[in-house]
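In: how would this look folded up:
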Amino acid sequence: MRTGDAMSAASPGARLGAIGRLAASLRPVASLLRPYRWWVLASVAVNVCVYLAMIAAAAVGAGLVGRAIAGADSRELWPLAWVLAGLVIPLGALGWLDTVVTHVVSFRLLHDLRLVLYRRFRELAPAYLIERRSGDLARASVADVELIEIFTSHIAPPIVAALIVPAVALIALAVIQPVLALVVLPFVIAVASVPSWLLERARAQGDALREDLGDLGANVVDVVQGTREVLAAGATGVMLGRIRRQHDSILCASVAHGRRGGLEQAATETLVGLAAVATLVTAAVLVLDGSISTASYPVAIVIATGAFAPLISISGAFREVGPVAAAADRIQVLLAARPAVTDQVTAAPAGEVIPRVEFDRVRFRYGEHLPDVLRGACFAVESGETVALVGASGAGKSTCANLLSRLWDVREGSITVGGHDVRAFPQADLRELMAVVPQDVYLFHATIRENVRLGRPGASDEEVERAAELAQAGPFIRALPEGWDTVAGERAAMLSGGQRQRIAIARALLRDAPILIMDEAVSNLDAESERDLHVALREVSAGRTTLLIAHRPSTISLADRVVVIDEGQVAETGTYAPLLATGGALARLLARSADGML
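Out: Purely as a prediction, here's the structure:
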């Protein structure tokens, strides 16, 4: 359907329905603004006052000119001149206040909303976040939040001004001459209705454009982060082709969006022009027949023209309503999402917590329609004991570590620390008891010292460096170009996998928590580095409850006990050498690996 056909086919009822849907789509924006409602009202009020002051100043100036043309002497003109001069200063002050108030509320909102979203990411992680692309989440926390500022600064104030200012202008025209108000009124209604002609299409186009831009951003992040993999696979053409197709889609959406916006602008300007002509002709006729004075002629023209100023602004503002509403919807989805794990208490159990860990008939699956990863797993790690958790890939070893630190909650059974169910702790308090070295290490774009200090932000430089020495990271850190002040770089690409792991181990050691979880922490170390790290592990695990997820026999043998997980259940448990000698589950796992590794 051509645009013109769509305009002609849009009945008043359809337009009212579109406006109703638009109002419903803006409810999430309104809910986000609720804590700032007084600031928003102040911003709107000041914006309305700016319009009214501008019209008043222009009308006084027009009256001054009109009286001068009509032959009034200076004694009649001076009062109007003083009134005009008196309006200039308030007008400037209102313009300044409008900018200040509008931006204060906007930037406060953006600041608070970003903090809320970041906290929400923490609450939702990792269950909610692993199902979504990092580019999509970046869009929600940056681009979508920025769009809310458009509503507070460029949509809400003009909408209210478009309701109040034309009404005041029409009343002023009616005071001069009711016929003028009757002539201008239909044009005011027509101009105000222009955005509703293609409102549904505007929203659909805005949504599509925002989605395309979000997908493009997410794909660019994928390409940048996966540059090595793309080059290694020779897939540069495939990825560039995907981005090129998205660019083409964005181009088409942008052109359609601009074409519709141009049509709205053309319709608005045409109607405003016709209104000006009608006002000029009508006012001229009224002057000729003596219904209004010559001095009132320019005043009427100025007031009639001023009635359309906020309506022209609202036409532009409505072009942004679709993207803003879509952004608010996405933010609301994040804010309304239910975390996989929620705090059930506000304080940790009283007294000292003995770092003894026990899994009691634990069952767990990652999704309703996925198979169980753990099927009644039962084992314990005594206080100060080091237990190696061993099993084939997918057996559930890392899942045990995730459940212990409450990244997910068990479906059946329980996990206890010091005899207390992990759900009896607030998440922050529970994780204060633990230091974790994950299998997939992430280092931030910060210095090596800052990356290690994340384990305990208040640690001194000496404590940071001692933790690095224990993790066998000190020598290679000192050999870096800037030593401890070397920036790790994006995803720590300048460091080897083993170096990243040693920094992560240093970070965990610096935390000095009573429970240490090491998930394949030595998988990327060479034999010499692993031997050095074993020495450190014996020292740091002394007095700590350590869960050591490992696949190397040399690392497994360091543990006081070995727990073998097979298909989500404990297959056997005991010390390393006797288990290996019995030829049971552990021996079979090692035998299946040609190089003696799981």
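
In: quick one, strands of the stretch 401-550 of the chain?
Out: Per DSSP state E, counting those that start in this stretch, the stretch 401-550 of the chain carries strands over the ranges 412-417, 420-421, 434-437, 515-519, 545-549.

In: chain center to the shortest one: distance?
Out: Translated: strand 420-421. Relative to its parent chain, strand 420-421 has a centroid offset of 34 Å by CA atoms, centre = their mean, to the nearest Å.

In: please work out the average pLDDT along that strand.
Out: For strand 420-421, the mean per-residue pLDDT is 95.

In: what is the strand or helix carrying Leu251 packed up against?
Out: Following DSSP states H and E, one finds Leu251 within helix 236-288. Counting contacts by 3 or more CB pairs under 8 Å, 6 or more residues apart in numbering; DSSP states H and E, helix 236-288 is packed against helix 3-9, helix 178-197, helix 199-225, helix 296-306, helix 309-318. C-beta here means a position set from N, CA and C on the backbone, and glycine is covered the same way.

In: between it and helix 178-197, how many degrees?
Out: On the basis of axes from the mean of the first three to the mean of the last three CA atoms, to 10 degrees, helix 236-288 is oriented at 170 degrees to helix 178-197.

In: now the angle between helix 296-306 and helix 236-288, please.
Out: Using the same axes, to 10 degrees, helix 236-288 lies at 160 degrees relative to helix 296-306.

In: so how far is helix 236-288 from its chain's centroid?
Out: Distance, stretch centre to chain centre, for helix 236-288: 30 Å (CA atoms, centre = their mean).

In: and what of stretch 485-502?
Out: For stretch 485-502 - counting by CA atoms, centre = their mean - the centre lies 27 Å from the chain centre.

In: who are the contact partners of His546?
Out: Let me fix one detail, which is that residue 546 is Thr and not His. Contact analysis of Thr546 by CB atoms under 8 Å, 6 or more residues apart in numbering lists Val381, Glu385, Thr386, Val387, Ile515, Leu516, Ile517, Met518, Ala559.

In: and the residues you listed, which is closest to Ala256?
Out: Ala256 has its nearest neighbour among these in Ile517, at 52.8 Å by CB to CB.

In: surely that closest one and Leu407 touch.
Out: No: applying CB atoms under 8 Å as the test, Ile517 and Leu407 come out as separate, 11.2 Å apart.

In: and Leu589, which of the three is it?
Out: Following DSSP: H, G, I helix; E, B strand; the rest coil, the label given to Leu589 is helix.

In: and it, how many residues sit next to it?
Out: Counted with other CB atoms under 10 Å, the neighbours of Leu589 add up to 20.

In: who's in contact with it?
Out: Leu589 is in contact with Val390, Gly391, Ala392, Val564, Leu598, counting by CB under 8 Å, 6+ apart.

In: what's the answer for Asp429, then?
Out: The neighbours of Asp429, taking CB under 8 Å, 6+ apart as the test, are Ala347, Ala348.

In: try 6 Å
Out: Residues in contact with Asp429 (CB atoms under 6 Å, 6 or more residues apart in numbering) are Ala348.

In: tell me the pLDDT of Ser11.
Out: 49.

In: got the contacts of Leu589 as CSV, with neighbour count and distance to Val101 columns?
Out: Formatted as CSV, the contacts of Leu589 follow (neighbours: other CB atoms under 10 Å; distance: CB to CB, whole Å):
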residue, neighbour count, distance to Val101
Val390, 29, 64
Gly391, 25, 62
Ala392, 18, 63
Val564, 26, 66
Leu598, 19, 64
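
In: which ones among these map onto strands?
Out: Applying DSSP state E to those, the entries found in strands are Val390, Gly391, Val564.

In: distance to Glu462 and pLDDT for those - can I get that in TSV?
Out: Output for those, formatted as TSV (distance: CB to CB, whole Å; pLDDT from 0 to 100):
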residue	distance to Glu462	pLDDT
Val390	37	92
Gly391	39	89
Val564	41	94
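
In: just put those in JSON lines and tack on distance to Arg244.
Out: Shown next, in JSON lines, are the ones in strands among the contacts of Leu589 (distance: CB to CB, whole Å):
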{"residue": "Val390", "distance to Arg244": "48"}
{"residue": "Gly391", "distance to Arg244": "45"}
{"residue": "Val564", "distance to Arg244": "51"}
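
In: closest one of the residues you listed to Arg245?
Out: Distances from Arg245 to the ones in strands among the contacts of Leu589, taken by CB to CB, are shortest for Gly391, at 43.0 Å.

In: which of the contacts of Thr546 has the most neighbours?
Out: Met518 (27 neighbours).

In: got a list of what that residue touches?
Out: Contact analysis of Met518 by CB under 6 Å, 6+ apart lists Val437, Leu548.

In: can you do 7 Å?
Out: By CB atoms under 7 Å, 6 or more residues apart in numbering, the residues touching Met518 are Val437, Thr546, Leu548, Ile549.

In: tell me, how many residues neighbour the third one?
Out: Put plainly, it is Leu548. A count of nearby residues for Leu548, using other CB under 10 Å, gives 26.

In: Ile517 and Leu548, how far apart?
Out: 8 Å (CB to CB, to the nearest Å).
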